[in-house]
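> next input, structure requested:
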Amino acid sequence: MLKRITLLHERVSSWESYPFSVPAIQSFKGLELRNRICFFTGENGTGKSTLLEAIASHYGFGPEGGNRSLAGGSRSLRADTTESNQAVNLLARALRLSFDIRSGAGYFLRAESFFNVSTRIDEMDLTRYYGGRSLHARSHGETFFTLLEHKFREDGLFLLDEPEAALSPQRQLSFLVLLHDVMKEFAEAQFIISTHSPILLGFPGAQIVSFDGGALAEIDYESTSPARIVRRFMNNREGFLDELFRETPSLFDDEL
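From the prediction side, this is the model:
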């Protein structure tokens, strides 16, 4: 299992270039993983997905997701040469991942590029491992949950970048049940999940790491921005929206 993530500062050539210029990455030294479920949360642009993708790259997953067997080149899933992926690779090379057991098993789910991964699965004739038919033959939400049901019920390191993107609130609750079942059945299953979802963040006992404020900080569920915003919305919807539509600058500040 993954126990610690460390940024080796001597491997950073420039703190002025992305992603090392991102405040939370720039101030990052190391993170101890104390729980088999760890959530990364924070506003867009704070570095949570970038760090998750760098962990995935370091572990051997392809840039668009899948397991290690899908990391090879193909028309639909070859090594990305975009500026964004080059930045992720720079960060991956500066990381040290400390394991007690490194099996290579697991899966990387990246919501933005899962269409390409589904195509790669078809190309490799691997649909028998994903419910017996092409993932493209299902709705987006059905595709995601089919993957979760078939590829996440085992030991390994599972990295998920904003899985709620294709999951309804009901499906997010079903995902929490799946996480609960996997944690009970597989002692070496470990999850790191980047998310904005107040539902997913509510998993009991999970470690939650916030990227807001320019530094990684472990926080409790009630202190997460998604939980605070949804709580305020539900408690006073009309007042909340009135303030929002008046474009009050302080609506989403730290006083929520």
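> CA only for contacts and neighbour counts going forward, please
Will do.
> below-threshold pLDDT in the stretch 51-200 of the chain: ranges please.
Confidence mapping of the stretch 51-200 of the chain against pLDDT under 70 gives the ranges 69-84, 111-141.
> please, where are all the strands along it?
Per DSSP state E, counting those that start in this stretch, the stretch 51-200 of the chain carries strands over the ranges 95-99, 106-110, 156-161, 189-194.
> residues in contact with the last one?
Looking back up the chat, that one is strand 189-194. For strand 189-194, contacts defined as C-alpha atoms under 8 Å, 6 or more residues apart in numbering pick out 1-2, 36-41, 48-49, 52, 154-163, 182-183.
> likewise for the first one?
Residues lying outside strand 95-99 but in contact with it, judged by C-alpha under 8 Å, 6+ apart, are 1-8, 54-55, 58.
> direction included, what does it pair against?
Here strand 95-99 is paired, per DSSP bridges, with strand 2-7 (antiparallel).
> in the partner strand, which residues are buried?
2, 5, 7 (16 or more other C-alpha atoms under 10 Å).
> do the same with stretch 172-191
172, 175-176, 178-179, 182-183, 188-191.
> residue 54 and residue 102, how far apart?
17 Å (C-alpha to C-alpha, to the nearest Å).
> looking at these two, which is more packed in?
residue 54 (23 against 13; other C-alpha atoms under 10 Å).
> give me every residue that touches that one.
88-89, 91-92, 95.
> and residue 170, how many neighbours?
Residues near residue 170, counting by other C-alpha under 10 Å: 10.
> roughly how far apart are it and residue 177?
Taking C-alpha to C-alpha, one finds residue 170 at 11 Å from residue 177.
> for residue 2, which non-adjacent residue is spatially closest?
Leaving aside its sequence neighbours, residue 2 sits nearest to residue 99 (C-alpha to C-alpha, 6 or more residues apart in numbering; 4.4 Å).
> just give me the neighbour total for the one you found.
12.
> now the one 5 residues further on
Residue 104: 13 surrounding residues under other C-alpha under 10 Å.
> same question for residue 161.
Neighbours of residue 161 (other C-alpha under 10 Å): 23.
> in this structure it contacts residue 49, no?
Yes. Between residue 161 and residue 49 there is a contact under C-alpha atoms under 8 Å: 6.4 Å.
> show me where the stretch 1-150 of the chain has helices.
23-26, 48-59, 83-93, 114-123, 140-151 (DSSP state H, counting those that start in this stretch).
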